[in-house]
Structures are given as structure tokens and as C-alpha cells.
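Participant: Give me coordinates for this.
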Amino acid sequence: MENKEDKKGTKEERRGSLLLCVILFIIALVNFGIVLYVTKDLPDSVPVHAGFNMMVDRWGSPAIIRFFGAFPSLMIIFFAIMQHFAGGSGTNRRIINSIITLTTIMLLCCTWMSVYMA
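Facilitator: Model prediction:
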């Protein structure tokens with residue numbers, strides 16, 4: 001029994017990780033709602049990619065931008081499931097929580113970069 005607790009982490013660590021995922025999920029859902037609201041009046045063709053010189057080199061549907069708005073929420077669900085089954089405790093769990101947080105922030109920034117380009 002003790003090995004299982006060490007492998008999965010303590011109850012407080014798991015609860016803290018779940019709370020982090022829930023908070024990030026709520027932030028990502030609010031972000032998705034704002035993206036839906038902002039992109040409702042976009043034309044049929046919007047810029048979806050720019051090169052290093054910031055010149056648009058790909059055009060697409062506003063649905064792509066909406067998908068980018070939903071993607072952080074989907075990734076947080078994936079991370080929460082992965083973290084539940086992968087386990088880990090102590091330093092490993094803190095590293096995983098940091099990765100989840102930084103990935104979410106990066107994805108939210110990428111979402112708004114695509115909205116800004118449109």
C-alpha cells in the first residue's frame with residue numbers, strides 16, 4: 001500500500017494538481033468564450049499564418065481560430081488525465097504542474113496572436 005501511495009503521490013498533492021487543472025480549465029473556457037465572441041463577425045477568409053517577416057502566407061476559415069481557442073481546454077483535460085494515470089510525487093508533480101501551466105499560457109498567447117492577425 002505504501003508503494004502505491006508513493007507512486008501516485010499523497011492525497012494533498014493529487015488534490016492540488018486537480019485544483020490547478022480545474023482553475024486553468026476555467027480560464028481556458030473563459031478564453032474560448034471571448035474568442036467566440038470576438039470572432040463572430042470575421043469575414044469568410046482570415047489570415048491564419050504569418051512568416052518571420054510578419055507577412056501573411058496562409059489564409060483560412062475563422063473556424064481555425066475558434067479551434068485554437070478551444071485547444072487549451074482540450075489540452076488541460078488531456079494533461080489532467082495523463083497526470084492522474086502517470087502519478088508522480090513531490091518534485092515530479094511540481095514539474096508536471098509547471099509544464100501544464102506554462103503550456104496553457106503559451107497556447108492562450110498563440111490563440112490571441114491568431115485573433116490579432118485576423
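Participant: pLDDT below threshold where in this protein?
Facilitator: Residue ranges of the chain with pLDDT under 70: 1-9, 87-90, 118.
Participant: where along it do the helices fall?
Facilitator: Here the chain has its helices, by DSSP state H, at 2-8, 11-38, 62-86, 91-117.
Participant: In a markdown table: the ones you listed, plus distance to Ser45 and mean neighbour count.
Facilitator: Quick note: C-beta positions are derived from backbone N, CA and C, even for glycine. As requested, those are exported to a markdown table (distance: least, Cβ to Cβ, whole Å; neighbours: other Cβ atoms under 10 Å):
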| stretch | distance to Ser45 | mean neighbour count |
| --- | --- | --- |
| helix 2-8 | 49 | 11 |
| helix 11-38 | 17 | 15 |
| helix 62-86 | 9 | 17 |
| helix 91-117 | 12 | 15 |
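Participant: To Val48, which of those helices lies closest?
Facilitator: Closest to Val48 of these, according to Cβ to Cβ: helix 62-86, at 5.1 Å.
Participant: how far out from the middle of the chain is that closest one?
Facilitator: 5 Å (Cα atoms, centre = their mean, to the nearest Å).
Participant: packing partners for that helix?
Facilitator: helix 11-38, strand 46-50, helix 91-117 (3 or more Cβ pairs under 8 Å, 6 or more residues apart in numbering; DSSP states H and E).
Participant: Show me the one of the helices of the chain that comes nearest Asp44.
Facilitator: Using Cβ to Cβ, these put helix 62-86 closest to Asp44, at 7.7 Å.
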